[in-house]
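K.L.:
Any chance you can model this:
(one chain, ligands or ions: 2)
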Amino acid sequence: MAVREQDVEAIVRQILNQMSGSAAPAAKAAPAAGIPKTARVAMLTELGKFEIKEFPIPEIGDDDILVKVEGCGVCGTDAHEFKKDPFNLIPVALGHEGTGEIVAMGKNVKVDTAGKPVSIGDKVVTCMIFKDDPEITMFDLNKKNVGGADVYGLLPEDDVHLNGWFADYIFIRGGEFGSTFFNVSDLDLDSRILIEPCAVLVHAVERAKTTDILRFNSRVVVQGCGPIGLICIAVLRTLGIENITAVDGNEQRLQFAKRMGANQTVNFMELKGIEALTEGVKASFGGHLADFAFQCTGNPHAHANIYKFIRNGGGLCELGFFINGGDATINPHFDLCSKEITLVGSWVYTLRDYVTTFDFLKRALAIGLPLKELITHRFALEDINEALETNLAMKGLKIAVINNK
Ligand SMILES: NC(=O)c1ccc[n+]([C@@H]2O[C@H](COP(=O)([O-])OP(=O)(O)OC[C@H]3O[C@@H](n4cnc5c(N)ncnc54)[C@H](O)[C@@H]3O)[C@@H](O)[C@H]2O)c1
Ligand SMILES: [Zn+2]
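P.N.:
Numbering: from 1, shown residues only. Ligands and ions are numbered 1, 2, ... in the order given. Next comes the predicted model:
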């Protein structure tokens, strides 16, 4: 439902009164002046096509928050939806790596999911929506955190409409709906856009730590230098791990990996066959195999290869298959048993990883890592089709939609 005409009149009256100094300060829940009646949403209406639609801004309930979107990253998942609709969501308001400013909120909204106070003007991100199990809290480190959770930007279309971040406004529904959100006013816009992908790596490194193999002086291989591998290097570097070898076939990405904290690179295009590649990795560590490896490509061959780079008793974190990329063939005797490799899988993150990520971003910037340079392309909302095409063409690294209206 739209903000009713009489509400708008009341707000205007209140503001005029305030300007003449004759009224009490505006209540917290009152929408700020200048909130339009409608908002534009980029709707994926068919495969490969977003349309800009206009929807009414609903009335703000006591637990709801209206956020004016500042920007949102384009994720590989958005690209899959754009191309194939694997989740069968069309028509859908996409965008889950978004951030913006609170412009209105209900009277019950006082703190964010971590207990930090929030008010109008604060910058926020959303995380998971626990529709199935609202009892789960951010302090639940259980893997259950992942199951049964949705995110804004991948929700079935409903009568609210404003539930994806590729829009002018997003309507964060509180109460029973179980939305989680965080006040991240102390981070700049680019950092806020990078929170979601960075949380994936904070989680992967937490998973890796459970093996008890990762140490300050470990020799670590990061295979794949897309945004995920590059952020992996940054998280490791921020933790104080210094001996990192990046593996990829793209020299430009390998050079970026060095700036992100890798001190050696191996270009697999220059080394034919797994023996030569293994020797290349070994040479990068002065004749040693890796203590630990992170697999950050969606290529099953890369999964099979990576065991060869790891020493006996070493560890592996496989995080490259957010979606099914097909089967990989390994030799369980040579690759796993006789080497006694400790293997962990990693998939998305917990709520708690989100909060760790805010601190990671501050530390990474403080030690001069060029994290923000991951955002290589910026598009206006009306150019969202081009933004997705750019992602699919594998141009640049992180593509973002920025609202500067
Ligand atoms: N675990 C999770 O929750 C999670 C979350 C997001 C993404 N992912 C996955 O992480 C993977 C990487 O994401 P991205 O956005 O960085 O993708 P990307 O496609 O931008 O990067 C992949 C990189 O791997 C390199 N590569 C391909 N084959 C290789 C090989 N055999 N050896 C070495 N390098 C190779 C490519 O050159 C490229 O630079 C994706 O497959 C994605 O599904 C996982
Ligand atoms: Zn994502």
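K.L.:
need the contact list for whichever residue of the stretch 51-200 of the chain sits closest to ligand 1.
P.N.:
Closest to ligand 1 within the stretch 51-200 of the chain is residue 200: 4.3 Å, counting by CB to the nearest ligand atom. Yep, even glycine has a C-beta here, placed from its N, CA and C like the rest. Applying CB atoms under 8 Å, 6 or more residues apart in numbering to residue 200 gives the contacts 228, 231, 319, 346, 348-349.
K.L.:
Run the chain-centre distance for stretch 162-180.
P.N.:
Offset of stretch 162-180 from its chain centre (CA atoms, centre = their mean, to the nearest Å): 16 Å.
K.L.:
buried ones in it?
P.N.:
For stretch 162-180, a neighbour-count test (16 or more other CB atoms under 10 Å) marks 162-174, 177-180 as buried.
K.L.:
excluding its backbone neighbours, what's nearest residue 36?
P.N.:
Sequence neighbours aside, residue 57 is the residue nearest to residue 36 in space, at 6.8 Å (criterion: CB to CB, 6 or more residues apart in numbering).
K.L.:
Any idea how many residues pack against the one you found?
P.N.:
23 (other CB atoms under 10 Å).
K.L.:
Also residue 242?
P.N.:
When neighbours are defined as other CB under 10 Å, residue 242 has 15 of them.
K.L.:
That one contacts residue 263, doesn't it?
P.N.:
Yes: when contacts are counted by CB atoms under 8 Å, residue 242 is listed as touching residue 263 (6.8 Å).
K.L.:
Hmm, residue 234 is touching residue 365, no?
P.N.:
No: with contacts counted by CB under 8 Å, residue 234 stays clear of residue 365, the gap being 10.0 Å.
K.L.:
Which neighbours do the two have in common?
P.N.:
residue 371.
K.L.:
Which one of these two is surrounded by more residues?
P.N.:
Neighbours per residue (other CB under 10 Å) separate residue 234 from residue 365, with residue 234 holding more: 27 against 17.
K.L.:
Report the contact partners of the more buried one.
P.N.:
Contact analysis of residue 234 by CB under 8 Å, 6+ apart lists 198, 201, 260-261, 364, 369, 371.
K.L.:
for this structure, what spans make up the helices?
P.N.:
For the chain, the helices defined by DSSP state H cover 5-19, 76-84, 189-193, 195-209, 227-239, 251-260, 274-284, 300-306, 351-366, 384-392.
K.L.:
what about the last one and ligand 1, touching?
P.N.:
Going back to what we said before, that points to helix 384-392. No: using CB under 6 Å from any ligand atom, helix 384-392 never reaches ligand 1; the gap is at least 9.1 Å.
K.L.:
Could you tell me the angle between that helix and helix 76-84?
P.N.:
If you take axes from the mean of the first three to the mean of the last three CA atoms, to 10 degrees, helix 384-392 sits at 110 degrees to helix 76-84.
K.L.:
Can you list the buried residues in helix 384-392?
P.N.:
Across helix 384-392, burial judged by 16+ other CB under 10 Å covers 384-385, 387-392.
K.L.:
CA atoms only for it - export them in PDB, please.
P.N.:
What follows is helix 384-392 as a C-alpha-only set of coordinates in PDB (Å, rounded to 0.1, in the frame of the first residue of the first chain):
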ATOM      1  CA  ILE A 384      21.200  -3.000 -15.100                       C
ATOM      2  CA  ASN A 385      21.000  -5.300 -18.200                       C
ATOM      3  CA  GLU A 386      24.400  -4.000 -19.300                       C
ATOM      4  CA  ALA A 387      25.700  -4.600 -15.700                       C
ATOM      5  CA  LEU A 388      24.700  -8.300 -15.900                       C
ATOM      6  CA  GLU A 389      26.000  -8.700 -19.500                       C
ATOM      7  CA  THR A 390      29.300  -7.300 -18.300                       C
ATOM      8  CA  ASN A 391      29.400  -9.800 -15.500                       C
ATOM      9  CA  LEU A 392      28.600 -12.700 -17.900                       C
END
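K.L.:
quick one: low-confidence parts of the chain?
P.N.:
For the chain, the stretches with pLDDT under 70 are 1-33, 131-148, 405.
K.L.:
What about residue 158, how many residues nearby?
P.N.:
Neighbours of residue 158 under the rule other CB under 10 Å: 9.
K.L.:
contacting residues around it?
P.N.:
Contact partners of residue 158, counting by CB under 8 Å, 6+ apart, are absent.
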